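>>> quick one, fold the following:
(one chain, ligands or ions: 2)
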Amino acid sequence: MEVEKMDENEWKYHGEGNQSLVVSHCQRSRLWNQTIVLFRNANETLFFRVFLQRCVVLRFLKSPPNQNKDLDKTPEEILQHLQNIVDFGKHVMKQFFGENYVHHGEIIQLPLDFVRQLCLKIQPERPECRCDKDMDTLSGYAMCLPNLTRLQTFRFTEHRPILCIEIKVANGKWKRPSKYCPLDLFSGNKQRMHFALKSLLQEAQNNLKIFKNGELIYGCKDDQDCVSDWNELARHLKPFFFPSNGLVSGPHCTRTIVKELIHVITTALLSSTDTCRAGDMKTVPISQGRSYCEASAFNKELVRNGKHKLESSGLPRGCLLYKTLQAQMLDMLDIEGLYPLYSRVEQYLEEFPEERSTLQIDGPYNEAFYEKLLDLSLEDDGTVAFALTKVQQYRIAMTAKDCSIMIALSTCLQDECSEQRPVVLTSKSRFTFSVSVLDLDLKPYESIPHQYKLDGEIVNYYLKNVQAKDDPVMSNLFKENEDCTLVLHKV
Ligand SMILES: O=P(O)(O)O[C@@H]1[C@@H](OP(=O)(O)O)[C@H](OP(=O)(O)O)[C@H](O)[C@H](OP(=O)(O)O)[C@H]1OP(=O)(O)O
Ligand SMILES: Nc1ncnc2c1ncn2[C@@H]1O[C@H](COP(=O)(O)OP(=O)(O)OP(=O)(O)O)[C@@H](O)[C@H]1O
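Ligands and ions are numbered 1, 2, ... in the order given. Now for the predicted structure:
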């Protein structure tokens with residue numbers, strides 16, 4: 001078979017994070033029915049030849065520019081790193097989240113010339129704040145994944161426009177105060193979820209993006225370009241929600257569309273579209289104590305509206321939010337409780353460095369690795385095995401706290417809907433949807449001291465501020481900043 005020529009002009013910049021850079025294929029619908037042909041070469045590496053059944057993206061690793069070339073990762077090391085990412089998605093995260101929610105992708109080897117040209121082509125599109133790292137152009141390896149902004153599992157919708165909402169689960173660092181609280185989003189209570197999503201739409205920052213046919217139409221590309229123009233958003237969304245254009249325009253129209261969008265996202269997030277092995281696992285108990293943040297702006301709004309009691313609710317077991325929360329709660333010990341266990345593992349490794357691979361610290365992420373994570377016991381028998389299990393569970397939890405959720409939506413007609421297809425109704429439309437999770441790269445073992453340090457800094461900052469609050473000058477400063485979401489409580 002002839003090798004298909006890879007042309008950088010068929011690819012465009014799609015987005016990037018701290019670790020990877022993503023480009024998407026620019027093909028239009030006429031190519032959607034072609035087939036992906038991936039095959040292995042002599043080195044067992046998947047080679048990418050003919051595109052494409054559905055749209056795909058290529059995900060390249062990034063690294064800081066290195067003055068010293070000896071410190072660069074070799075192509076073999078990059079291949080191993082990518083293999084770990086794929087294995088981790090395939091053998092571990094799929095078990096926790098479910099087959100349909102996780103797309104682990106494949107590793108592909110690309111012609112180096114293509115990668116270099118692509119890198120030059122997309123460079124002007126990259127946000128400045130992400131340019132502290134370079135895309136890997138030396139190894140030629142990348143991951144090939146379905147383009148989740150377009151992903152549709154149903155053939156009949158392939159020609160229809162697709163809307164996609166990406167929510168980064170973590171709270172992260174905020175450039176401006178926001179009323180968004182992840183505890184509201186994960187509450188399972190529709191009112192609270194509605195509030196969380198509305199707050200995200202008001203202050204998208206790094207945590208919310210909306211794509212139409214794969215193009216970013218709402219949310220930040222970089223630090224500068226963050227405008228939350230709901231009227232502009234409503235203009236994009238109107239054909240989806242009001243196809244016959246019957247609604248009057250203006251602020252009422254905008255509010256209605258945003259409300260319907262939030263309804264659709266909430267329904268998709270609460271729907272169960274998959275099963276998974278960890279669904280049968282003993283669930284991590286949700287704290288009996290406060291399940292909301294006292295600082296949450298939602299509670300303040302409730303009180304302001306004269307309501308003090310909220311109907312109780314919870315997440316349905318099969319939905320992606322439930323699975324995510326379960327994975328996030330694998331860290332039954334906080335970093336202060338975990339750090340001594342990490343030190344126990346470290347001490348053991350100092351004595352027996354050759355054991356690092358047997359202990360599967362950096363992989364392989366296979367079935368055996370997954371099985372060990374299911375031990376939720378908290379009884380420390382003083383062994384390295386116990387310490388290691390808690391460390392690995394902590395890493396999984398950190399990963400699940402930093403992932404993104406993608407909801408792809410497409411309108412459908414009544415006679416196209418069947419029981420197998422998830423459908424959500426709005427006042428004038430009907431949508432089918434798919435929900436996926438991405439950015440499930442396991443946090444490195446080495447990140448634990450970083451988390452410990454970060455935690456120490458937060459506690460110190462808090463203690464300093466508690467003292468400062470008693471100071472009359474400083475306490476006025478606090479009043480001015482009352483709107484900030486992050487409020488730390490004495491424990
Ligand atoms: O360390 P932090 O708190 O700055 O978090 C990093 C995130 O920054 P944020 O706080 O969301 O702006 C950071 O997010 P962004 O790249 O800013 O979107 C990453 O998620 C990073 O994870 P990784 O290094 O890619 O595995 C995150 O690093 P980890 O600490 O989770 O490893
Ligand atoms: N399969 C995909 N389909 C569509 N878009 C994707 C896909 N994978 C990643 N993206 C887009 O690229 C962006 C960056 O990807 P990703 O989150 O994997 O990078 P990262 O460097 O691992 O992120 P972080 O900084 O959070 O660790 C995502 O926010 C998303 O918008």
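>>> how about the closest residue to residue 22 other than its chain neighbours, secondary structure?
Nearest-residue entry for residue 22: residue 14, 4.5 Å, with adjacent residues in sequence omitted and distances by C-beta to C-beta, 6 or more residues apart in numbering. (Each C-beta comes from the backbone N, C-alpha and C, glycine too.) Here residue 14 is recorded as strand under DSSP: H, G, I helix; E, B strand; the rest coil.
>>> right, and residue 14 touches residue 20 too?
No: using C-beta atoms under 8 Å, residue 14 makes no contact with residue 20, being 10.8 Å away.
>>> and the gap between the residue in the stretch 201-350 of the chain that ligand 1 sits nearest to and residue 220?
Closest approach of the stretch 201-350 of the chain to ligand 1 (C-beta to the nearest ligand atom) occurs at residue 206, with a separation of 5.1 Å. Distance of residue 206 to residue 220, computed by C-beta to C-beta, to the nearest Å: 7 Å.
>>> for stretch 241-250, the averaged confidence score.
Average pLDDT, stretch 241-250: 76.
>>> gap between that stretch and the chain center?
32 Å (C-alpha atoms, centre = their mean, to the nearest Å).
>>> same check on stretch 59-67?
With C-alpha atoms, centre = their mean as the basis, stretch 59-67 stands 21 Å off its chain's centre.
>>> now do that stretch: everything it contacts.
16, 18-23, 72-73, 78, 81-82, 105, 115, 132-136, 142-145 (C-beta atoms under 8 Å, 6 or more residues apart in numbering).
>>> what's the burial count for the residue nearest to residue 220 when sequence neighbours are not counted?
What sits nearest to residue 220 in space, not counting adjacent residues and going by C-beta to C-beta, 6+ apart, is residue 226, at 4.1 Å. Residue 226 has 15 neighbouring residues, counting by other C-beta atoms under 10 Å.
>>> can you verify my assumption that residue 362 contacts residue 83?
No: if you go by C-beta under 8 Å, residue 362 and residue 83 don't touch, sitting 11.4 Å apart.
>>> mind listing the shared neighbours of those two?
With C-beta under 8 Å, 6+ apart as the test, residue 362 and residue 83 reach no residue in common.
>>> hmm, back to that, looking at residue 206 and residue 220, which is more packed in?
Remark: of residue 206 and residue 220, residue 220 carries more neighbours, 20 against 16, as counted by other C-beta under 10 Å.
>>> quick check: that one touching residue 204?
Yes: here residue 220 reaches residue 204: they are 6.1 Å apart, a contact under C-beta under 8 Å.
>>> list the residues that contact both of the two?
Residues touching both residue 220 and residue 204 (C-beta under 8 Å, 6+ apart) are residue 226.
>>> quick one: low-confidence residue ranges for the stretch 301-450 of the chain.
Confidence mapping of the stretch 301-450 of the chain against pLDDT under 70 gives the ranges 303, 306-313, 417-420.
>>> the stretch 101-250 of the chain too?
Along the stretch 101-250 of the chain, segments meeting pLDDT under 70 span 151-158, 171-173, 223-225, 227, 246-248.
>>> what does the protein put close to ligand 2?
14-20, 22, 57, 59, 145-149, 166, 209, 402, 404, 438-439, 441 (C-beta under 6 Å from any ligand atom).
>>> which strand residues bridge residue 106?
Beta-bridge pairing of residue 106, defined through DSSP bridges, involves residue 144.
>>> narrow the residues of the chain next to ligand 2 to those that are buried.
14-17, 20, 22, 57, 59, 145-149, 166, 209, 402, 404, 438-439, 441 (16 or more other C-beta atoms under 10 Å).
>>> among the residues you listed, which lie within helices?
Among these, DSSP state H puts none in helices.
>>> what is the distance between stretch 218-232 and the centre of its chain?
With C-alpha atoms, centre = their mean, you get 19 Å for stretch 218-232.
>>> what of stretch 83-98?
The answer for stretch 83-98 is 14 Å, by C-alpha atoms, centre = their mean.
>>> what's the first-to-last distance across that stretch?
20 Å (C-alpha to C-alpha, to the nearest Å).
>>> contacts for it?
For stretch 83-98, the external contacting residues (C-beta under 8 Å, 6+ apart) are 102-107, 143, 274-279, 318, 320, 323-324, 326-327, 362-367, 369-370, 373, 396, 399-400, 437, 440-442.
>>> again with stretch 11-21
22-26, 57-62, 118, 121-122, 125-127, 130, 133, 135, 209, 214, 216, 439, 441.
>>> does it reach ligand 1?
Yes: using C-beta under 6 Å from any ligand atom, stretch 11-21 reaches ligand 1 at 17-19.
>>> from the contacts of stretch 59-67, keep the buried residues only.
The neighbour-count test (16+ other C-beta under 10 Å) marks 16, 20-23, 73, 78, 81-82, 105, 115, 133-136, 142-145 as buried among those.
>>> quick one, grab the pLDDT at residue 65.
Looking at residue 65, the pLDDT reads 89.
>>> how near is it to residue 132?
Counting by C-beta to C-beta, the separation of residue 65 from residue 132 is 8 Å.
>>> pLDDT value on residue 43, please?
Note for residue 43: predicted pLDDT of 51.
>>> so residue 315, which state does it fall into?
Here residue 315 is recorded as coil under three-state DSSP.
>>> does it touch residue 272 like I think?
No: Residue 315 lies out of contact with residue 272 (C-beta under 8 Å); the separation is 9.9 Å.
>>> more neighbours, those two?
Legend: neighbour count by other C-beta under 10 Å for residue 315 and residue 272, higher for residue 315 (22 against 17).
>>> got phi/psi on the more buried one?
Main-chain dihedrals, residue 315, degrees, to the nearest 10: phi -80, psi 140.
>>> now for residue 451: which residues touch it?
Applying C-beta under 8 Å, 6+ apart, the residues contacting residue 451 are 335, 398.
>>> kindly recompute the last result at 10 Å.
With contact set as C-beta atoms under 10 Å, 6 or more residues apart in numbering, residue 451 has these partners: 331, 334-335, 338-339, 342, 394-395, 398, 443.
>>> how far does the helix or strand where it lies sit from its chain's centre?
Using DSSP states H and E, residue 451 sits in helix 447-470. In this view, helix 447-470 has its centroid 26 Å away from the chain centroid, taken as C-alpha atoms, centre = their mean.
>>> in it, what counts as buried?
448, 451-452, 462.
>>> which is the next helix or strand following the host helix or strand of residue 232?
Secondary structure assignment for residue 232, by DSSP H and E: helix 230-241. Heading C-terminal from helix 230-241, the first helix or strand you meet, by DSSP H and E, is helix 251-270.
>>> quick one: name the residues of the stretch 201-350 of the chain near ligand 1.
So the stretch 201-350 of the chain meets ligand 1 at residue 206 (C-beta under 6 Å from any ligand atom).
>>> follow-up on the earlier one: for residue 344, see how far away the residue of the stretch 201-350 of the chain closest to ligand 1 is.
35 Å.
>>> same check, this time on residue 110
From residue 110 to residue 344 the distance is 43 Å (C-beta to C-beta).
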